[in-house]
Every structure is written in structure tokens, then in C-alpha cells.
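> A structural model of the following input is requested.
(4 chains)
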There are 2 protein chains.
Amino acid sequence: MTTRMTRQRAAVAEALDQQDEFRSAQQLHEVLRARGDSVGLATVYRTLQTFADAQEVDQLRNADGEVLYRRCERVEHHHHLVCRSCRRTVEIDGPTVEAWAAKVGAAHDFTDIDHTIELWGTCADCRG
Amino acid sequence: MTTRMTRQRAAVAEALDQQDEFRSAQQLHEVLRARGDSVGLATVYRTLQTFADAQEVDQLRNADGEVLYRRCERVEHHHHLVCRSCRRTVEIDGPTVEAWAAKVGAAHDFTDIDHTIELWGTCADCRG
DNA sequence: CGATTCATGAGAACGATTCTCACGCTTGGT
DNA sequence: ACCAAGCGTGAGAATCGTTCTCATGAATCG
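You can find the predicted model right below:
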């Protein structure tokens, strides 16, 4: 076996599902505490990392360097357009960018190309 | 006044110019120490931040979340293709991606679009 | 039911970065 | 050049997100 089902993992998964936007491990920990499903902070971190490794959640860093997690609609590879202020997120499909990234990498003889492509902006609601 | 010229700032700028690849504040601090131009770590951090704010150096985060700095050839906006292992860097021009990012942002009614687009790969030399 | 072994949690440890604050040096004006 | 004014500096403390430690708890398999 490699992954056991525990009360904690179920709780983190559920808390994650209730969120619409990207959240930090600490925020999710707080959500869990508020719900009464107390889970240790270290466990929240570990669980999120496990989910991310299994590609069950998406992960990105905000400008402050904090890691944020979110369970996205689509499982396939995609990018995000995130509101700087409320974190409202739009999942983006970028076949053009993917191709561009691959081409640029090949052109310079780099392999195993990986790309970090995220868009940040201010959404209509946060503009007043 | 807002920016004074000090021995420390000159030293950091010079150390930065001697580097071909992206370096962390701590690495640059070490470079300075090795050269004999001792500068406090806090000052290195502050100075790099100042340079970055003035867009005199480019800044990005590696997978570990560390911030890396580099004085690039071109001053205009561009992206980077960086070798994961040796950090060899290629400056990339991405008019297509820029346009794509702007269009996607507008399509979802987000303003002040900012994008994080960096490519990571393994360069020819690091492949053996 | 038990044994095995992964998972958990509290707190310590870490590592990068920022802050504090007294002292020093650059600068602009004279 | 000389000085006053105030930004810049540095050593170490403080932050803060994240990871590690390790004894204890609980899924899972037979």
C-alpha cells in the first residue's frame, strides 16, 4: 500500500472542494479548524503536497512566495488567470503557449521543458 | 534625494555584472565576501530589491521558492529559458505570448494583467 | 484479531527574507 | 571644501512559511 485513507485526508479533501479559489495551507488549516475537523498543520501541508504530487490539486505561488492550492475543474494541463485581490480564478487553455514553449526549448537545445505560466490581474468585481 | 551611491551598491552591481546566470542574494553575498568587498547580507537583499524595483535586474523564483537575480542583456520586457541544473539562461522574446496573455485577460474582464512566464529545461551541456 | 507500517501531531528546527536601530557616509547647499 | 540633514549600513533579532522529528495512533492485510 502507499496511500491510506484517514479522517484527516478526507477532511482536507473536503475542505478543498468547498473552496472556489486558491488557498494556502494555513488558510485551509483554519477552515478545517472552523469546521471542527481539527487536523494538524503539518498534516495539512503533507496532505496537500501528496495531492499535488498525485496531480489531484493545482499549485502555484503568489507574489509573496506562498504556495496556494486549488482543486480545478479540469484535470488536463492548464494555466490560470487569477485575481490579485480576491483570487477569483479562471482556468485557461493555452495550446498556443504550450507549442511556443516547446518550440523555444527545442530551438535552444534544452530538453525536459517545463513552464511556469500564470496570469494575474484585477477582476471586474474588485475594480468597483 | 532617493538613491545614493555607496561603496556597497557599487560592489553589488559589479558582482552582479560578473555573473552570467541567475544568482540568489546569498550567493551574491558570498561572491562579494570572496572578492573582499564585504557587504552585509541585509544590504545585499535591500540593494537587489532596489535594483529590481528600478527594473535594473530581472528577478524570478526557482522551484524551491528562492528568488534569483540577474542583470540581463536586454532591458525591454522578456522571459527566460533557464537550465534547471546550471542555470544557463537564454533571454526569450515572446510577442505571441504577450498578445495571448493580454487577450485572455481582456476576454475575462480582468485588467492590469501581469504574467509570470518562465521556461525551465535541461541544457545540452548538462545532459552529458 | 494482530501485526505491520504508514499517518499524525506538537513542537522544534529550518531557511530565506525582513526588521530594528544606532552609527556612518553621501549629498546639496553655502 | 564644510556641514547639516537624512538615507544607507550592518549585526543580530525577528518573521514566517514550511519541513522535520519522533513517539503515539490507526488503516490495512492475512
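> rest of the way, CA atoms for contacts and neighbours
OK.
> Now residue A:69: which helix or strand?
strand A:67-70 (DSSP states H and E).
> Tell me which strands that strand pairs with, and in which orientation.
The strands that strand A:67-70 pairs with in its sheet are strand A:23-24 (antiparallel), strand A:58-61 (antiparallel) (by DSSP bridges).
> The residue nearest to residue A:93 when sequence neighbours are not counted - how many residues pack around it?
For residue A:93, ignoring the flanking residues on the chain, the nearest one in space by C-alpha to C-alpha, 6 or more residues apart in numbering or on different chains is residue A:78 at 5.2 Å. Neighbours of residue A:78 under the rule other C-alpha atoms under 10 Å in any protein chain shown: 16.
> which residues does residue A:78 contact?
With contact set as C-alpha atoms under 8 Å, 6 or more residues apart in numbering or on different chains, residue A:78 has these partners: A:91-94.
> about what we covered before: C-terminal to the strand holding residue A:69, what's the next element?
Downstream of strand A:67-70 (by DSSP H and E), the next one is strand A:79-83.
> helices and strands around that following strand, which ones?
Contact partners of strand A:79-83 among helices and strands, from 3 or more C-alpha pairs under 8 Å, 6 or more residues apart in numbering or on different chains; DSSP states H and E: strand A:89-92, strand A:111-122.
> Report the buried residues of the helix or strand encompassing residue A:16.
Using DSSP H and E, residue A:16 maps to helix A:7-18. Judged by neighbour count (16 or more other C-alpha atoms under 10 Å in any protein chain shown), helix A:7-18 contains these buried residues: A:8-9, A:11-13, A:15-16.
> can you pull the buried residues of the helix or strand bottoming out on mean pLDDT in chain A?
Least confident helix or strand, chain A: helix A:95-107 with a mean of 94, by mean pLDDT, DSSP states H and E. Buried positions in helix A:95-107, judged by neighbour count with 16+ other C-alpha under 10 Å: A:97-98, A:101-102, A:104-105.
> and if you look at stretch A:118-125?
Buried, per 16+ other C-alpha under 10 Å, within stretch A:118-125: A:118-123.
> which bits of chain A sit near DNA strand D?
Counting by C-alpha under 7 Å from any atom of the strand, chain A comes close to DNA strand D at A:1, A:4-7, A:24-26, A:41-42, A:45-46, A:49, A:65-68.
> Need the buried ones from those selected in ChimeraX.
Those of the residues of chain A next to DNA strand D that count as buried under 16+ other C-alpha under 10 Å are selected in ChimeraX with:
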select /A:24,25,26,41,45,49,67,68
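> near DNA strand C, from the residues of chain A next to DNA strand D?
Contacts with DNA strand C within the residues of chain A next to DNA strand D, counted by C-alpha under 7 Å from any atom of the strand: A:1, A:4, A:6-7, A:41-42, A:46.
> Now, those residues that are in helices?
Using DSSP state H, the members of those that fall within helices are A:7, A:41-42, A:46.
> List just the nearest of those to residue B:87.
Set against residue B:87, the nearest of these by C-alpha to C-alpha is residue A:46 (28.9 Å).
> what about the closest one, distance to residue A:25?
Per C-alpha to C-alpha, to the nearest Å, residue A:46 is found 9 Å from residue A:25.
> Return the residues in contact with residue A:51.
Neighbour list for residue A:51: residue A:57 [criterion: C-alpha under 8 Å, 6+ apart].
> Check which helix or strand it maps to.
Assigned by DSSP H and E, residue A:51 falls within helix A:41-53.
> Tell me what angle that helix forms with helix A:7-18.
Counting by axes from the mean of the first three to the mean of the last three C-alpha atoms, to 10 degrees, helix A:41-53 points 60 degrees away from the direction of helix A:7-18.
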